[in-house]
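A.B. asks: predicted structure and sequence below. I'll ask about it afterward.
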Amino acid sequence: MNRPERNSLKKDFSVFISYPSIKSEKGTAQIGQNRQFQWFKQHSVIYPIVPAYAATLLGREGYDVFWDDAIAKEEDYETWLSRIEESKPDLIAIETKTPVVKRHWEIINQIKEKSPHTKTVLMGDHVTKLPEESMEKSKTDFVITGGDYDFILLNICNHLTKGDNLESGIWYRDEEHIINTGKFNLNHDLNKLPLIDRELTMWKLYSENGNYKYLPGTYTMVGRDCWWGRCKFCSWPSLYPKYRTRSPESLFEEIKQLVEKYKVKEVMDDTGTFPVGDWLKEFCGLMIDSGLNKKVRISCNMRFGILKYEDYLLMRKAGFRFLLFGLESANQETLDMIDKGIKVEDIRHGCMIAKKAGLNPHLTVMIGYPWETYKMAQNTINLAKDIFEEGYADTLQATIVMPYPNTSLYKECKKNNLLEIKHRDWEKFDMRSKILKSPLKEEQIKELTSSLYKLFFTPKYAWNQFISIRNPDDVKYLFRGFSKIVGKHLRDFAR
Ligand code: SF4
């Protein structure tokens, strides 16, 4: 049986950090480190950074940790469940998302049948907003609220093994009662986090994600989570209402280790928005002075309207490559309504100067705001198309507006009776269907969305990409991108 190897000295308390495989006719649920839930038909996984920190902290403390990502391992549910039955871990922690939370309740109940003594923990953005719901609807023992579920999971294990007091942000059972320790706080010092134990957390499973141009690639997350933190559709500010970062030196040391020890060629830092100002300058200086900028490429999430051309030049020199920007809408009214904090004119200009500095901007666009007419949605598509055709952005991605329950967009839509779904129809929040009332029909949203992906098949784009080819890695990257668009995006939004 696939009993994991014991990896630590403390063998009397085993902790599984688990992603049981969840499938539907739409594909496999992608959960870890995924800001917007998706079903994937093509295998593609992202390294779940905060759970990886949890595993590292627990391993370092002497717990017997097993990284149990059945989704990344492409292991079916029955195999996973048999292993749980055989291994009978002391604790299983599962990260959940809105569209699959009900499936996770069933899974937890099955775990309890197969291994009654196993303690179960649910964590993630959905349960941060609605902890009581999961306590009531499933037999889970604990719910962690807030995004520091690495530190808090360690606290729960220390509570169970050593009697430590539970810290704030935890829901649990006492006999028949559901109790909580109050509102979570984010007073954990990120600079005290150890470097992620990449072997323990099987980093290789995630090292060929289609977003990387140079392989192997991996993820880091130097900040939690976004210094803006106000966009009304974004669920991460509810996990991290306070912005914190590790020091520039610590990210530099982490990347150095990744390059020297694991031969990593590309790093995606998935902080909601990468730090700017003196922090960024200091980090770039470290990369340049050490020569590490010549050995690795870095990608990150960025916002329009904050960095100047000189900043982008410095980033390019420091090894940055791919910058992911949220365009969201080309209508100022919408940008203001969602509190994006940018002007429409920042978008084209931001792409232009980043591109001119030698970076590869990537745009994310959303369609289906309840107040946007077809013409307004078409404006957004047109702007994205123009930027793309002008060669100021290299890749883009379109999604349907999804008001997760922990966002202020959800609250506002609910108040204004704009939700098209029934109360707590959580499985519908899967980016496939329109769940907000809108002047657009579902077909129109899908048609607009797929029209964006068709841009990848224009002669102009093909030519721009052809002239940018410098080495075999560029060709392979283009091929991976192409198969992702055909195999996933166009199929997802086909009528
Ligand atoms: S800028 Fe990005 S990460 Fe920050 S709140 Fe807006 S959508 Fe979320």
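C.D. replies: Yep, it's here.

A.B. asks: which parts of the stretch 1-150 of the chain are helices?
C.D. replies: 49-60, 77-87, 101-114, 125-129, 131-137, 149-162 (DSSP state H, counting those that start in this stretch).

A.B. asks: of all these, which lies closest to residue 324?
C.D. replies: helix 49-60 (15.5 Å; CB to CB). Quick note: C-beta positions are derived from backbone N, CA and C, even for glycine.

A.B. asks: buried residues in the closest one, which are they?
C.D. replies: Of all the residues in helix 49-60, those buried under the rule 16 or more other CB atoms under 10 Å are 49, 50, 51, 52, 53, 54, 55, 56, 57, 58, 59.

A.B. asks: again, but for stretch 311-323
C.D. replies: So for stretch 311-323, counting by 16+ other CB under 10 Å, buried means 311, 312, 313, 314, 315, 316, 318, 319, 320, 321, 322, 323.

A.B. asks: can you put those in JSON lines and add secondary structure and distance to residue 155?
C.D. replies: Supplementary listing: those in JSON lines, determined by DSSP: H, G, I helix; E, B strand; the rest coil; distance: CB to CB, whole Å:
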{"residue": "311", "secondary structure": "helix", "distance to residue 155": "39"}
{"residue": "312", "secondary structure": "helix", "distance to residue 155": "41"}
{"residue": "313", "secondary structure": "helix", "distance to residue 155": "44"}
{"residue": "314", "secondary structure": "helix", "distance to residue 155": "40"}
{"residue": "315", "secondary structure": "helix", "distance to residue 155": "37"}
{"residue": "316", "secondary structure": "helix", "distance to residue 155": "41"}
{"residue": "318", "secondary structure": "coil", "distance to residue 155": "36"}
{"residue": "319", "secondary structure": "coil", "distance to residue 155": "36"}
{"residue": "320", "secondary structure": "strand", "distance to residue 155": "36"}
{"residue": "321", "secondary structure": "strand", "distance to residue 155": "38"}
{"residue": "322", "secondary structure": "strand", "distance to residue 155": "36"}
{"residue": "323", "secondary structure": "strand", "distance to residue 155": "36"}
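
A.B. asks: who's in contact with the residue of the stretch 51-200 of the chain found nearest the ligand?
C.D. replies: Closest residue of the stretch 51-200 of the chain to the ligand, CB to the nearest ligand atom: residue 125 (11.5 Å). Residue 125 is in contact with 97, 98, 147, 235, 236, 238, 239, 404, 406, counting by CB atoms under 8 Å, 6 or more residues apart in numbering.

A.B. asks: could you check how far the fourth one is from residue 306?
C.D. replies: Which is residue 235. 22 Å (CB to CB, to the nearest Å).

A.B. asks: out of the contacts of residue 125, which touch the ligand?
C.D. replies: Filtering these for proximity to the ligand by CB under 6 Å from any ligand atom leaves residue 236.

A.B. asks: out of the contacts of residue 125, the closest to residue 464 would be?
C.D. replies: Taking the contacts of residue 125 together and measuring to residue 464 by CB to CB, the closest member is residue 236, at 32.3 Å.

A.B. asks: chain neighbours aside, what residue packs nearest to that closest one?
C.D. replies: Once flanking residues are discounted, residue 236 sits nearest to residue 225: 4.7 Å by CB to CB, 6 or more residues apart in numbering.

A.B. asks: so the one you found makes contact with residue 242?
C.D. replies: No: when contacts are counted by CB atoms under 8 Å, residue 225 is not listed as touching residue 242 (9.6 Å).

A.B. asks: quick check on the residue located most distally from the centre of the chain: phi, psi?
C.D. replies: Distance from the C-alpha centroid of the chain, by CA atoms, centre = their mean, peaks at residue 175 (35.5 Å). When read as degrees, to the nearest 10, the backbone of residue 175 gives phi 60, psi -120.

A.B. asks: how far away is it from residue 383?
C.D. replies: 58 Å.

A.B. asks: three-state assignment of the residue nearest to residue 264 when sequence neighbours are not counted?
C.D. replies: Of all residues not flanking residue 264 in the chain, residue 258 sits nearest, at 4.0 Å (CB to CB, 6+ apart). Assigned by DSSP: H, G, I helix; E, B strand; the rest coil, the conformation of residue 258 is helix.

A.B. asks: going forward, begin numbering at 265 instead of 1
C.D. replies: Let's use 265 as the start, then, which means that last one is residue 522.

A.B. asks: burial measure for residue 522, as a count.
C.D. replies: 25 (other CB atoms under 10 Å).

A.B. asks: model confidence for residue 680, exactly?
C.D. replies: pLDDT, residue 680: 95.

A.B. asks: now it: closest residue in space, sequence neighbours ignored.
C.D. replies: Spatially, and ignoring its direct neighbours in sequence, residue 680 is nearest to residue 634 (8.0 Å; CB to CB, 6+ apart).

A.B. asks: was I right about that neighbour contacting residue 700?
C.D. replies: Yes: in this structure residue 634 lies within contact range of residue 700 using CB under 8 Å: 4.7 Å.

A.B. asks: before we move on, the earlier item: which among the contacts of residue 389 gets closest to residue 735?
C.D. replies: Proximity of those to residue 735 (CB to CB) peaks at residue 500, which lies at 35.2 Å.

A.B. asks: backbone phi and psi for the closest one, please?
C.D. replies: Given degrees, to the nearest 10, the pair of backbone angles that residue 500 has is phi -70, psi -30.

A.B. asks: how far does stretch 633-652 sit from the chain's center?
C.D. replies: 25 Å (CA atoms, centre = their mean, to the nearest Å).

A.B. asks: now stretch 448-463
C.D. replies: 17 Å.

A.B. asks: any idea how far apart the tips of it sit?
C.D. replies: Start-to-end span of stretch 448-463 (CA to CA, to the nearest Å) is 30 Å.

A.B. asks: equivalent analysis for stretch 395-409, please.
C.D. replies: 7 Å.

A.B. asks: neighbouring contacts of that stretch?
C.D. replies: Contacts for stretch 395-409 (CB under 8 Å, 6+ apart): 360, 365-366, 368-370, 372-373, 376, 383-387, 390-392, 416-417, 420, 433-437, 442, 444, 447-448, 688.

A.B. asks: ditto for stretch 306-313
C.D. replies: 283, 291-292, 294-298, 333, 335-336, 338, 359, 460, 465, 467, 469-470, 473-474, 482-485, 534, 747-748, 751-752.

A.B. asks: pull out the buried residues from that stretch.
C.D. replies: 308, 309, 310, 311, 312, 313.

A.B. asks: just stretch 686-705 next, same as before
C.D. replies: 690, 692, 693, 694, 695, 696, 697, 698, 699, 700, 702, 704.

A.B. asks: low-confidence ranges in this structure?
C.D. replies: Low-confidence segments of the chain (pLDDT under 70): 265-275, 721-723, 726-727, 729-734, 736, 738-759.

A.B. asks: so which bits of it are right by the ligand?
C.D. replies: Checking the chain against the ligand by CB under 6 Å from any ligand atom, the hits are 490, 492, 493, 494, 495, 498, 500, 501, 536, 537, 567, 590.
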